[in-house]
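**Student:** Please find the sequence and the predicted model below.
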Protein chains: 2
Amino acid sequence: MTGKSQKHWTADAAELLSVGADFSLDDVDPEGTPGYDGGKTGAVDDLARGAGALDELQERLYAQSRVAETGDTAASVLLVLQAMDSAGKGGIIRHVVGSVDPQGIALTAFKKPTAEELAHDFLWRVEKRLPNPGFIGVFDRSHYEDVLIGSVRSLAPADEIERRFGAINEFERRVTDAGTRIVKVMLHISADEQKVRLMERLDRPDKHWKYNPGDVDERELWPAYMAAYQTVFERTSTGDAPWHVVPANRKWYARLAVQQLLLGALTEIDPQWPAATFDVSAEKARLAAT
Amino acid sequence: MTGKSQKHWTADAAELLSVGADFSLDDVDPEGTPGYDGGKTGAVDDLARGAGALDELQERLYAQSRVAETGDTAASVLLVLQAMDSAGKGGIIRHVVGSVDPQGIALTAFKKPTAEELAHDFLWRVEKRLPNPGFIGVFDRSHYEDVLIGSVRSLAPADEIERRFGAINEFERRVTDAGTRIVKVMLHISADEQKVRLMERLDRPDKHWKYNPGDVDERELWPAYMAAYQTVFERTSTGDAPWHVVPANRKWYARLAVQQLLLGALTEIDPQWPAATFDVSAEKARLAAT
C-alpha cells in the first residue's frame, strides 16, 4: 500500500522515525525530511494519494469490525500526538485526520485536567476515550502530559512520575493486547521555528485567539521540556508501542510522515471487507418483490 | 456569504425547504432540485466553494467561543439528520461535515438504545451529546427515532408518543435559548430510489456489510413511516427549530442543500475573530527577547 500509493518515499517511515535504543533527541534535525525525496511539490500529490488510501483502509477497518468472524473484529488504531506549542498538531488533525470520513474518527483533545479528573488516577480520563473497534482514535495531547509538564512544572513528586512510567507501559500493553495499534508521535520543531510561529500569531488578528501569554513562559523551559521528552522516550518507547519523532519544521513533511505512520499501522492490520452473513440471492429476490 | 460563495442558488434554501403550516410530505418531489439551477456539473464547484466558507465560519465560531466577551460565546450549531435507510446520511457526513476541520465537529451516531439508555427518559442520551460552544454537533439519527420507529413499530404506547412531542419541543426550546442553532433535516428519497440503492449494496461485495435483511422489512412499512414523518413535522417544526425536507434522490443536490442550511445557520450567528485579551506589542517584545 505504502509503496504503491506514495512514490517519493525511499524508506519505511515507521522504521526510520521510531525511537530505539541509544536514541537521542538532540540528534534529530527538526528541518529534516528523512526518507522522502519528493520535496514540497511532490508532497501535494503524495498527501492526496495517501488520503485516498487511508480513507479506504479506515472504511474496511470499520466494516470488518461490524461483522463477527471477519478478520480482527476488535482492531482499531490510536494516534497519540504530543508536541511543543505551535508544532503543528492542529494541522495534522485538519489535513491528515481530516481526510478520513468523520464517521471513522474519534478525536479527543485533552486539556488541563478538571477537578473531577484530578480526583482520579491520571489514566482514568484516558481509558474512557480509547477508540472503539473499527475507529481511528486521535489524542491531541494525552497521558504523556502527566509525565512531561507534570515533571517540568513539578506538578507531581518524582516518585509519582516514576510510578506513572510503569503504569503507562502496563496500560499500553493491555490496550495493544486488546487489538489497538498505538502510534505515538512527537512533532519536533526547533525553538527558533516556534518563535517564528508564535510571532505570526501575534502579527495576525485572526490568529490572536490562538496566542496565550503563557506560551512564552513555557518557552523559557524549552531545555527542560526536551530533557523530559528524552526521558519519556527512554522509558516508554516499547516494542508494542514505540515512539516516533517526526521533524516538523516543514509542515508538509510532518503531515506526510504522520500519514505514512497511520497507513503503516492500517496496512499491518490489513482489514478485509466482510463476507455477507445472509444469502445474497435470496435477499435480492426478497427486495425485488417489494 | 451564501450568495457570494455559491453562484447557482436562486433562492434561500433554508426558507424554500423549511416545513411551514400546510406542509405535506406527499407534495415533495424526491427528484427535485429546488432553488438550484447549476445542475450536477455546477454542484462540484459550488460544494467546494461552500466547503471553504463553512470551514472558515466554523473556525471563527470556535475562536469566538474561546474568548469571553467576543460575540455570542455560547453559540453552537446542531445538525439533526433523519432519513429512511440509504437516503444518504452517511454521504452528507462524509462530504459536507467532512469538509470541516474535525476539531470543530462533534458527531454522534445514535443506535438502538442500550439497556441503560432505555432505563432513562428518551432525551437522556441526547442531552449528553449536545455540542459544546464553538462546535458543530451532528446527530446521525436522534431523539426523533423515538417518535418515528417508536410509533411505527409501536415500541411505546400512543400517549407516551404524545408526551414525547411536547417534551421534544420544550427540550429544543431550552437548547436554542442556550445558544445552539438547531438545523433539522429529513433527507427524502423515493421508495423506488431506495430499492435501487439497496440492490446496489447486494450487487457489490464491498457493500454487503452495509446491508441488513431487516432493511427489507422496514421497507414494507414505507407508507407508515411517511405518515409518521408527516406527524413529526406537524408537531415539531417550530419557529425556533424548523424542519427542512431535502429532496435526496440526487445525492449532489442533497449535499449542496444541507451545506447551504449549515452556512445559513452560521451566517446568522455571524461569529467574529476575538480581539486580543493581552497587549500585543508587549507580547511581541517578550517573545522577541526569548
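**Tutor:** Received, thanks.

**Student:** beta partners for the residue positioned nearest the centre of chain A?
**Tutor:** By Cα atoms, centre = their mean, chain A has its centre lying nearest to A:Leu79, at 2.9 Å. With DSSP bridges as the criterion, A:Leu79 is bridged to A:Val138, A:Val183.

**Student:** can I assume it is in contact with A:Gly137?
**Tutor:** Yes. If you go by Cβ atoms under 8 Å, A:Leu79 and A:Gly137 touch, sitting 7.0 Å apart. (Each C-beta comes from the backbone N, C-alpha and C, glycine too.)

**Student:** what about the closest residue to chain B within the stretch 51-200 of chain A, distance to B:Lys251?
**Tutor:** For the stretch 51-200 of chain A and chain B, the shortest gap (Cβ to the nearest Cβ) falls at A:Ala63, measuring 4.2 Å. Applying Cβ to Cβ, to the nearest Å, the value for A:Ala63 to B:Lys251 is 20 Å.

**Student:** So for the two, which sits in the more crowded spot?
**Tutor:** A:Ala63 (21 against 18; other Cβ atoms under 10 Å in any protein chain shown).

**Student:** for that one, helix, strand, or coil?
**Tutor:** What DSSP: H, G, I helix; E, B strand; the rest coil gives for A:Ala63 is helix.

**Student:** How about the contacts made by the residue of the stretch 51-200 of chain A closest to chain B?
**Tutor:** Taking Cβ atoms under 8 Å, 6 or more residues apart in numbering or on different chains, we find A:Ala63 in contact with A:134, A:271, A:273-274, B:206, B:209-210.

**Student:** of those residues, closest to B:Ser142?
**Tutor:** Comparing the contacts of A:Ala63 against B:Ser142 with Cβ to Cβ picks out B:Lys210 as the nearest, at 20.4 Å.

**Student:** A:Trp273 versus the residue of the stretch 51-200 of chain A closest to chain B, what's the distance?
**Tutor:** A:Ala63 is 6 Å from A:Trp273, by Cβ to Cβ.

**Student:** Contacts only, for the residue lying closest to A:Ser99 once chain neighbours are set aside.
**Tutor:** Distances taken as Cβ to Cβ, 6 or more residues apart in numbering or on different chains put A:Ala51 closest to A:Ser99, at 3.5 Å, once the chain neighbours are dropped. A:Ala51 is in contact with A:96, A:99-100, A:259, counting by Cβ under 8 Å, 6+ apart.

**Student:** with the contacts of A:Ala63 in mind, which one is nearest to B:Thr180?
**Tutor:** For the contacts of A:Ala63, the residue nearest B:Thr180 by Cβ to Cβ is A:Gly134; the value is 29.1 Å.

**Student:** measure that closest one to B:Met199 for me?
**Tutor:** From A:Gly134 to B:Met199 the distance is 26 Å (Cβ to Cβ).

**Student:** Pick out whichever of the two has more residues nearby.
**Tutor:** Taking neighbours as other Cβ under 10 Å, A:Gly134 and B:Met199 compare with A:Gly134 leading, 23 against 15.

**Student:** Thought A:Glu59 was touching that one, still the case?
**Tutor:** No. Taking contacts as Cβ under 8 Å, A:Gly134 lies outside contact range of A:Glu59: 9.3 Å.

**Student:** residues shared between the contacts of these two?
**Tutor:** Common contacts of A:Gly134 and A:Glu59 (Cβ under 8 Å, 6+ apart): A:Gly104.

**Student:** the helices in the stretch 51-200 of chain A, which residues?
**Tutor:** A:89-95, A:115-118, A:124-127, A:145-152, A:158-177, A:191-203 (DSSP state H, counting those that start in this stretch).

**Student:** Which one of the ones you listed lies nearest to B:Val28?
**Tutor:** helix A:89-95 (36.4 Å).

**Student:** which ones are touching A:Arg66?
**Tutor:** So A:Arg66 contacts A:134, A:274, B:209 (Cβ under 8 Å, 6+ apart).

**Student:** Could you provide the residues you listed in CSV, with additional columns for distance to B:Phe171?
**Tutor:** Listed next are those as CSV, based on distance: Cβ to Cβ, whole Å:
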residue, distance to B:Phe171
A:Gly134, 31
A:Pro274, 38
B:Trp209, 34
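
**Student:** Using CSV, lay out those residues together with distance to B:Asp279 and pLDDT.
**Tutor:** Shown next, in CSV, are the contacts of A:Arg66 (distance: Cβ to Cβ, whole Å; pLDDT from 0 to 100):
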residue, distance to B:Asp279, pLDDT
A:Gly134, 49, 96
A:Pro274, 59, 92
B:Trp209, 57, 94
